[in-house]
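In: Give me a model of this one.
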Amino acid sequence: MDKLKISTANLVILVAGAVMLIASFLAFEKFSFGGVSKSFNAWSSGNFLIATIPALLGVVMAAQVALETYAPQVSLPDRVLGFTWTQVHVILGLQATIMMLAFLVQNVSPFERGIGLFLMLAAAIALLVGAVMRTQQTRRA
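Out: Residues are numbered from 1 along each chain as shown. Sure thing, here's the model as predicted:
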């Protein structure tokens, strides 16, 4: 594969993984009371362990695509736990999307949702879309 050529699906996953990581450092939750406001990112919120998982899933997906595309000398196994990499991408993308949707619908009172949560949700959906696009490319190949 030409190092300068990347499929649309893989490009979507790379960009979405980067957006997911960057957005995880933006305001995930905000708290305002009596003129005092404080924001928490995914790494510092009360949901630290669970809020960081979607970001880490996006990083794993983007890293695998980057290695596959730009470092062909790196030998990755064809299958992971019996799943192809395309199947792994669908699983991880679906997991990230479900988790971010759960954060969107949960009652966070007295907190407000921050821009980081919304960007992470958009990136999670993009990860899933990119993964599904990879399945379509695999079927055509």
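
In: how far does stretch 84-103 sit from the chain's center?
Out: Per C-alpha atoms, centre = their mean, to the nearest Å, the displacement of stretch 84-103 from the mean C-alpha position of its chain is 8 Å.

In: which parts of the helix or strand where residue 87 lies are buried?
Out: Per DSSP states H and E, residue 87 falls inside helix 85-105. Applying a neighbour-count criterion of 16 or more other C-beta atoms under 10 Å, one finds 85-90, 92-97, 99-100, 103 buried in helix 85-105. C-beta coordinates here come from the backbone N, C-alpha and C atoms, glycine included.

In: just checking, what packs against the longest helix along the chain?
Out: Across the chain, the longest stretch assigned as helix under DSSP state H is helix 115-140. Judged by 3 or more C-beta pairs under 8 Å, 6 or more residues apart in numbering; DSSP states H and E, the packing partners of helix 115-140 are helix 8-23, helix 48-70, helix 85-105.

In: List the contacts of the residue minimising distance to the centre of the chain.
Out: In the chain, the C-alpha nearest the mean C-alpha coordinate belongs to residue 58, at 3.0 Å (C-alpha atoms, centre = their mean). By C-beta atoms under 8 Å, 6 or more residues apart in numbering, the contact set of residue 58 is 16-17, 19-21, 96, 123-124, 127.

In: which non-adjacent residue is nearest it?
Out: Excluding the flanking residues, the one nearest residue 58 by C-beta to C-beta, 6 or more residues apart in numbering is residue 20, at 3.3 Å.

In: what's the burial count for that neighbour?
Out: Close neighbours of residue 20, defined as other C-beta atoms under 10 Å, add up to 28.

In: Quick check on the residue with the largest distance to the centre of the chain: phi, psi?
Out: Each residue of the chain has a distance to the centre, and by C-alpha atoms, centre = their mean the biggest one is for residue 34: 34.9 Å. When read as degrees, to the nearest 10, the backbone of residue 34 gives phi 60, psi 40.
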